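Student: what's the 3D shape of this:
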Amino acid sequence: MSPRDRPSRPMFGKVDPYCLLAVLPMLFVAGVVGALASVPLGFAVVVFAGLIVVFDSWANRPASAPPVRRPRPRPQGATAPARGPRPPAARPDAYRARQPAPYRR
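Tutor: Model prediction:
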């Protein structure tokens with residue numbers, strides 16, 4: 001199955017709320033700069049904030065659905081190998097059970 005056969009991935013996803021923690025103050029600064037100093041500079045800050053939101057939305061787009069995998073059919077008469085209980089794990093040679101401390105009078 002080629003990648004083109006799968007359903008396409010959406011272009012944009014949800015905007016992360018933490019992205020807004022960076023963008024909203026930038027918009028405030030853009031308003032102040034545009035009102036007090038330079039309108040083109042304020043507009044440039046607004047465009048930069050918009051690019052941050054667009055990039056964040058692009059980065060958070062949902063993944064495309066993985067292809068459906070169907071199990072391979074078994075040949076006629078084939079059975080799964082029988083599995084018995086697993087043997088207990090081997091202990092290292094230096095392992096000793098913890099002994100209680102000797103009683104002293």
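Student: CA-only coordinates of stretch 46-54 in PDB, if you can.
Tutor: What follows is stretch 46-54 as a C-alpha-only set of coordinates in PDB (Å, rounded to 0.1, in the frame of the first residue of the first chain):
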ATOM      1  CA  VAL A  46       1.000  41.100  14.400                       C
ATOM      2  CA  VAL A  47       2.200  39.100  11.300                       C
ATOM      3  CA  PHE A  48       4.900  37.400  13.300                       C
ATOM      4  CA  ALA A  49       2.400  36.400  16.000                       C
ATOM      5  CA  GLY A  50       0.100  35.100  13.300                       C
ATOM      6  CA  LEU A  51       2.900  33.000  11.800                       C
ATOM      7  CA  ILE A  52       3.500  31.500  15.300                       C
ATOM      8  CA  VAL A  53      -0.100  30.500  15.500                       C
ATOM      9  CA  VAL A  54      -0.100  29.000  12.000                       C
END
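Student: Report the buried residues of that stretch.
Tutor: 46, 49, 52, 53 (16 or more other Cβ atoms under 10 Å). Every C-beta, even on glycine, is put in place using the N, C-alpha and C of the backbone.
Student: Closest one of these to residue 21?
Tutor: Nearest to residue 21 among those, counting by Cβ to Cβ, is residue 52 at 11.0 Å.
Student: ok, that closest one - contacts?
Tutor: 19, 22, 23, 26 (Cβ atoms under 8 Å, 6 or more residues apart in numbering).
Student: Kindly recompute the last result at 7 Å.
Tutor: 19, 22, 23 (Cβ atoms under 7 Å, 6 or more residues apart in numbering).
Student: same for the strand or helix carrying residue 25, what does it pack against?
Tutor: Using DSSP states H and E, residue 25 sits in helix 17-36. Judged by 3 or more Cβ pairs under 7 Å, 6 or more residues apart in numbering; DSSP states H and E, the packing partners of helix 17-36 are helix 39-59.
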